[in-house]
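Colleague: Quick one, structure for this:
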Amino acid sequence: MNDVLIIIPTYNEIENIDKIIKSIFDLYNGVNILVVDDNSPDHTSSKVIELQAIYKQQLYLQIRKGKSGLGPAYIHGFKWAIKKDYNFIFEMDADFSHDPRDIKVLYNKCKEGLADICIGSRYKEGINVVNWPLGRIALSLFASYYVRFFTGMNIKDPTSGFICYKRNVIEKINLDMIKFIGYAFQIEMKYKSYLSKFKILEIPIVFTDRKYGKSKLDASIINEAVFGVIYMRIKSFFSTDYYEK
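Modeller: Got it, this is the predicted structure:
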């Protein structure tokens, strides 16, 4: 897995970042990690710098000027990954909601040619979510049905943030045309991949809510997702420039 980069965006994840990095490297010798930190006030980046002394040539850090959202952080990471010639590029959260042991499962599906994009899915086989309140589960499920209805994608978990992309997917998607910054970013990336006819595969995972730190979900992110799906659908009718370079 020497050709793998795992991108972890962070904002105030000081309680999680060292644990998730150590956990990944304990499981996989060959992978690299890129932390994209939005200048966290809790000094998340300082902890990463400490760990870089241990994981030389494996752990990388990009510090951005300030908090500007999940989407821009990942786009920054994607562009960095392409420049560094990685073939398999992961999205993953810092808070252990995504189990590092599932990294290899997603990777193998892409490596074996079964998928161009492999998604760690909470809803592929029922509801595999631990420690979420009922209201949060209901909101997430509604979002999934809503996205499928408007986009036509047969993806059970379109807002999932645990994903392995093949390099050619990132190269073909027009990252400079990505509009959204919150969870709608996850939907937009999948929709553009779907429009570009890439093979998308979902693998069931167990999603566990964070123990430390605070969720970044708020009303503005929900509103962006609700109206963003309609925008994406309309936009896709008029130009392939929306989703392809």
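Colleague: so where is the protein shaky, pLDDT-wise?
Modeller: For the chain, applying pLDDT under 70 flags the ranges 1, 215-222, 225, 238-245.
Colleague: which residues in it form helices?
Modeller: 17-27, 44-52, 70-83, 103-111, 134-151, 167-172, 184-195, 219-238 (DSSP state H).
Colleague: which helices and strands sit right next to the third one?
Modeller: For helix 70-83, the packing partners by 3 or more Cβ pairs under 8 Å, 6 or more residues apart in numbering; DSSP states H and E come out as strand 4-10, strand 32-37, strand 59-63, strand 88-91, helix 167-172, helix 184-195. Backbone N, C-alpha and C define where each C-beta goes, glycine included.
Colleague: Could you rerun that using 6 Å?
Modeller: Helix 70-83 sits against strand 4-10, strand 32-37, with contacts defined as 3 or more Cβ pairs under 6 Å, 6 or more residues apart in numbering; DSSP states H and E.
Colleague: so which of the helices of the chain comes closest to residue 160?
Modeller: Between residue 160 and the helices of the chain, the tightest spacing by Cβ to Cβ is seen for helix 184-195, at 6.6 Å.
Colleague: Residues contacting the closest one, please?
Modeller: 70-71, 117, 147, 151, 153, 158-159, 161, 169, 173, 178, 180, 224-225, 228, 232, 236, 243 (Cβ atoms under 6 Å, 6 or more residues apart in numbering).
Colleague: Quote the end-to-end distance of stretch 112-123.
Modeller: 23 Å (Cα to Cα, to the nearest Å).
Colleague: Show me what counts as buried in it.
Modeller: 115, 116, 117, 118, 119, 120, 121, 122, 123 (16 or more other Cβ atoms under 10 Å).
Colleague: Would you convert these into CSV that also reports distance to residue 192?
Modeller: Compiled in CSV, these are given as follows (distance: Cβ to Cβ, whole Å):
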residue, distance to residue 192
115, 16
116, 12
117, 11
118, 16
119, 14
120, 19
121, 19
122, 21
123, 21
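Colleague: and residue 171, how many neighbours?
Modeller: For residue 171, the count of nearby residues is 12 (other Cβ atoms under 10 Å).
Colleague: Quickly note the distance from the residue nearest to residue 27 when sequence neighbours are not counted to residue 90.
Modeller: Distances taken as Cβ to Cβ, 6 or more residues apart in numbering place residue 100 nearest to residue 27, at 5.5 Å, with adjacent residues excluded. According to Cβ to Cβ, to the nearest Å, residue 100 stands 10 Å off from residue 90.
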